[in-house]
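> sequence and computational prediction follow.
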Amino acid sequence: MDHRRLVPRTDVVLGDPRLAAACAAFGRAQVKAAVAKAQRRARAGEIEPEGVVAATLEALRPAAPMRPVINATGVLLHTNLGRAPLAEAAIEAVAAAAGAADVEFDLTTGERARRGRSALAALAAAVPEAGDVHVVNNNAAALALAAAALASGGREIVVSRGELVEIGDGFRIPELLESTGARLREVGATNRTTRDDYASAVGPDTAFVLKVHQSNFRIEGFTGSVGVARLRGLGVPVVADVGSGLLAPEPLLPGEPSVRQALREGADLVTASGDKLLGGPQAGLLFGGAELIGALRRHPLARALRVDKLTLAALTATLHAPETPVGRALRVSAGALEERARMIAGRVARADAVVEPVSATVGAGGAPGVRLPSAAVSLPARFAAALRTGDPPVVGRVEDGRLLLDLRAVPPSRDGELCKAIGALGE
Ligand SMILES: *Cc1c(COP(=O)(O)O)cnc(C)c1O
């Protein structure tokens, strides 16, 4: 049979009602291009002629715009779901900064001003131990900048073998550091590193000693590591990557290091993420002495890593906000979550929707091993796809054949939508 003659014409395909919504969402040109590709595949015999519309829709799927979702996974900082949801004030600040804004301009004098000075001032106020602060795209960028400015040209970064962390999606901190031209000097063993290990590795080629928080894994048993305080006095700067972005110690997460603590213990430079426990936008935060931060700020790479005005606006508002959604999700009591779960289960009135006590986690490289008591509305696992593809999409987690809609990371303001989504499920 000649496939070519059976392939539907473009105007016929574009007239198919299944493509109307796609034309509205992506514009006719993009849909037409996808149709042409599907027709070529049909002519080549790769798909059936009657599959052209379906193939077009499938090809357009990745082009769909990002959608807001309800995070019922019980993972407070879910990297695939955008990590920290912004505070209301931060969302408003982003909208306000979206047009022309005085990001690098002094309205009083009419002259150029330091870029992002309000965010820098807010960070400096929150961390009085820091002589100066700087903001880049993310924590990985902060580490790359530190390595490029202080250790490029083959100078050495001394780091424990127990702290060579893969941060996710195949990216590893040691490889990131080496990509700047620095050399890594690994010391100690996976489970144990002593101060002597560091001391005997430090030499004339050492640029700095790096301390990386084991933020997404735990080593248990016969272990030993050296804290920032005991790395002082080796004659080289100490750089600490605390990961989560906690500025001050958090009593609920005693194992998480904080920026202020690391500086008090004597770190010369501290790096952290903006969109983890700090609860702000994606950003990399650098805190340290004025001279060191100045050198980083003047390094050519700093320009390539600088953040845009939307990030700066969100960061400033986050730092001024009394509380963030992440902070609320961390602090809400298990009792309050259970009450909400009962309310939702009662309202949807389905025999297969039951309340279950569960454990939530911080996620995104924070507080590994910490379980936060939580409550879920539990449904048969077969409803996972329907909820995920609904409007709004609801993402839960499947455990032991049940779909758990964990409420810890769901703001109470979304409970009504959650009820509606569950109520709309079939049998
Ligand atoms: C998350 C994390 C990083 C990477 O931070 P990004 O902001 O995602 O670039 C680096 N180091 C540690 C210890 C982390 O936890």
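Yep, that arrived. Numbers count the residues shown, from 1 in each chain.
> so Gly51 makes contact with Leu57?
No: when contacts are counted by C-beta atoms under 8 Å, Gly51 is not listed as touching Leu57 (10.3 Å). Using the backbone N, CA and C atoms, a C-beta is placed for each residue, glycine as well.
> out of these two, which sits in the busier spot?
Leu57 (17 against 14; other C-beta atoms under 10 Å).
> the more buried one reaches Arg18, doesn't it?
Yes: between Leu57 and Arg18 there is a contact at 6.5 Å, judged by C-beta under 8 Å.
> CA atoms only: put stretch 16-27 into PDB for me.
C-alpha atoms of stretch 16-27 as PDB (Å, rounded to 0.1, in the frame of the first residue of the first chain):
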ATOM      1  CA  ASP A  16      -9.200  18.400  13.600                       C
ATOM      2  CA  PRO A  17     -10.900  19.600  16.800                       C
ATOM      3  CA  ARG A  18      -8.300  17.900  18.900                       C
ATOM      4  CA  LEU A  19      -5.800  20.400  17.600                       C
ATOM      5  CA  ALA A  20      -7.900  23.500  18.300                       C
ATOM      6  CA  ALA A  21      -6.600  23.900  21.900                       C
ATOM      7  CA  ALA A  22      -3.000  23.400  20.700                       C
ATOM      8  CA  CYS A  23      -3.400  26.200  18.100                       C
ATOM      9  CA  ALA A  24      -4.700  28.500  20.800                       C
ATOM     10  CA  ALA A  25      -1.900  27.600  23.200                       C
ATOM     11  CA  PHE A  26       1.100  27.500  20.900                       C
ATOM     12  CA  GLY A  27       0.100  29.500  17.900                       C
END
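> what comes up buried for it?
16, 19, 22, 26 (16 or more other C-beta atoms under 10 Å).
> any idea which of those is the one closest to the ligand?
Closest approach to the ligand among those (C-beta to the nearest ligand atom): Phe26, at 30.2 Å.
> report pLDDT for that closest one.
Here the pLDDT value assigned to Phe26 is 89.
> tell me the contacts of it?
60, 63 (C-beta atoms under 8 Å, 6 or more residues apart in numbering).
> break this protein into its domains for me.
8-63, 70-82+327-423, 88-322 (automatic domain parsing).
> how far away from the center of its chain is the last one?
Averaged C-alpha coordinates place domain 88-322 at 15 Å from its chain's average position (C-alpha atoms, centre = their mean, to the nearest Å).
> before we move on, what about the first one?
Using C-alpha atoms, centre = their mean, we find the averaged C-alpha position of domain 8-63 to lie 34 Å away from the chain's own average C-alpha position.
> got it, and the second one?
From the chain centre to the centre of domain 70-82+327-423 is a distance of 19 Å (C-alpha atoms, centre = their mean).
> contacting residues for the residue nearest the centre of the chain?
Central residue of the chain (C-alpha atoms, centre = their mean): Arg83, 3.8 Å from the mean position. Arg83 is in contact with 77, 275-276, 282, 364, counting by C-beta under 8 Å, 6+ apart.
> can the domains of the chain go into a markdown table with extra columns for distance to the ligand?
Listed next are these as a markdown table, based on distance: least, C-beta to the nearest ligand atom, whole Å:
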| stretch | distance to the ligand |
| --- | --- |
| domain 8-63 | 23 |
| domain 70-82+327-423 | 3 |
| domain 88-322 | 3 |
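> mind putting the buried residues of stretch 16-27 into TSV with secondary structure?
Putting these into TSV (DSSP: H, G, I helix; E, B strand; the rest coil) gives the following:
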residue	secondary structure
Asp16	coil
Leu19	helix
Ala22	helix
Phe26	helix
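> tell me where the stretch 251-400 of the chain has helices.
With DSSP state H, counting those that start in this stretch applied, the stretch 251-400 of the chain shows helices at 259-264, 290-298, 300-304, 309-320, 325-331, 334-348, 384-388, listed in chain order.
> in the first one, what's buried?
Put plainly, it is helix 259-264. Neighbour-count burial for helix 259-264 [16+ other C-beta under 10 Å]: 259-263.
> and if you look at the longest one?
For helix 334-348, burial by neighbour count (16+ other C-beta under 10 Å) applies to 334, 337-338, 340-341, 344-345, 347-348.
> report the angle between the axes of the host helix or strand of Val94 and helix 309-320?
Here Val94 sits within helix 88-97, counting by DSSP states H and E. Counting by axes from the mean of the first three to the mean of the last three C-alpha atoms, to 10 degrees, helix 88-97 points 150 degrees away from the direction of helix 309-320.
> can you list contacts of helix 88-97?
In contact with helix 88-97 (C-beta under 8 Å, 6+ apart) are residues 86, 103, 280-281, 309-310, 312-318, 320-321.
> which residues are in contact with Glu265?
Applying C-beta under 8 Å, 6+ apart, the residues contacting Glu265 are 227-229, 232.
> among these, which are in helices?
Counting by DSSP state H, the part of these found in helices is 228-229.
> out of the contacts of Glu265, which end up buried?
Applying 16+ other C-beta under 10 Å to the contacts of Glu265 flags Val228 as buried.
> export the contacts of Glu265 to TSV and append columns for pLDDT and distance to Leu330.
Shown next, in TSV, are the contacts of Glu265 (pLDDT from 0 to 100; distance: C-beta to C-beta, whole Å):
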residue	pLDDT	distance to Leu330
Gly227	90	24
Val228	93	24
Ala229	93	27
Arg232	93	31
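> looking at the contacts of Glu265, which is nearest Thr108?
Checking the contacts of Glu265 against Thr108 with C-beta to C-beta, the nearest one is Val228 at 40.4 Å.
> coming back round to it: can I get the contacts of Arg83 in CSV including neighbour count?
Formatted as CSV, the contacts of Arg83 follow (neighbours: other C-beta atoms under 10 Å):
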residue, neighbour count
Leu77, 28
Asp275, 27
Lys276, 29
Gln282, 19
Ala364, 26
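> list the contacts for Phe105?
Phe105 touches 111-113, counting by C-beta under 8 Å, 6+ apart.
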